[in-house]
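Next come a sequence and a model predicted from it.
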Amino acid sequence: MFPWNLFPFNKDMKNKLQHMKPDEIDQFIKGIMGNVMSSQSGWGSMNSQDKMNHHRREPTQQANTLNSTAFETHDSVFVRIPIKDEAMLKELRIYHTPNQLMIEHIPEKDHKHSITLPAMVKKKGSSAKYKDGILEIKLIKSYDIQYSQIDVTEI
């Protein structure tokens, strides 16, 4: 949750903000955000370089991503993955959920990859073909999207 109680909102705030210059507003916002960040999880003790490095991802197996292409037609979703060595197909495992394709054991035995599909797909009817160094996975689009209405009540 965001700590809204740390912001100094009061009746005079509107008047103060209307009479401030843009650079004063910038300094004011930086001061407030500095107070908020310093009170949470030790961010105040980090310098700006540490904060930038905090958001960087460490290299993971996703750095070794597949050169996959996913696209949809009127009734299907296709995913194409270039595979250089046909022998890899024997170890390959392919799974899918209605919106995601998971591929295991490519290029190495312990690698796993997820590909977000551009449309929802059915559980059954999928197929995969390998030709000319390309693995093509065909999934059937699902049109049975069930909507549920949520009523809003006043408290």
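That came through, no problem.

What residues are bridge-paired with Ile94?
Each beta-bridge partner of Ile94 is listed here, defined by DSSP bridges: Ile103.

Who are the contact partners of it?
Under the criterion of C-beta atoms under 8 Å, 6 or more residues apart in numbering, the contact list for Ile94 reads 101-104, 128, 137. Bear in mind the C-beta positions are built from the backbone N, C-alpha and C, glycine included.

among the residues you listed, which ones are buried?
For those, burial is judged from neighbour counts taken by 16 or more other C-beta atoms under 10 Å, and it is met by 101, 103, 137.

Just name the closest of those residues to Met88, please.
Of all the buried ones among the contacts of Ile94, Met88 sits closest to Ile103, with 10.7 Å by C-beta to C-beta.

Tell me the predicted confidence for the spatially closest residue to Thr69 that is not a sequence neighbour.
Taking C-beta to C-beta, 6 or more residues apart in numbering, and ignoring the residues beside it in sequence, Thr69 has Arg80 as its nearest neighbour in space, at 4.8 Å. Each residue has a pLDDT score; the one for Arg80 is 95.
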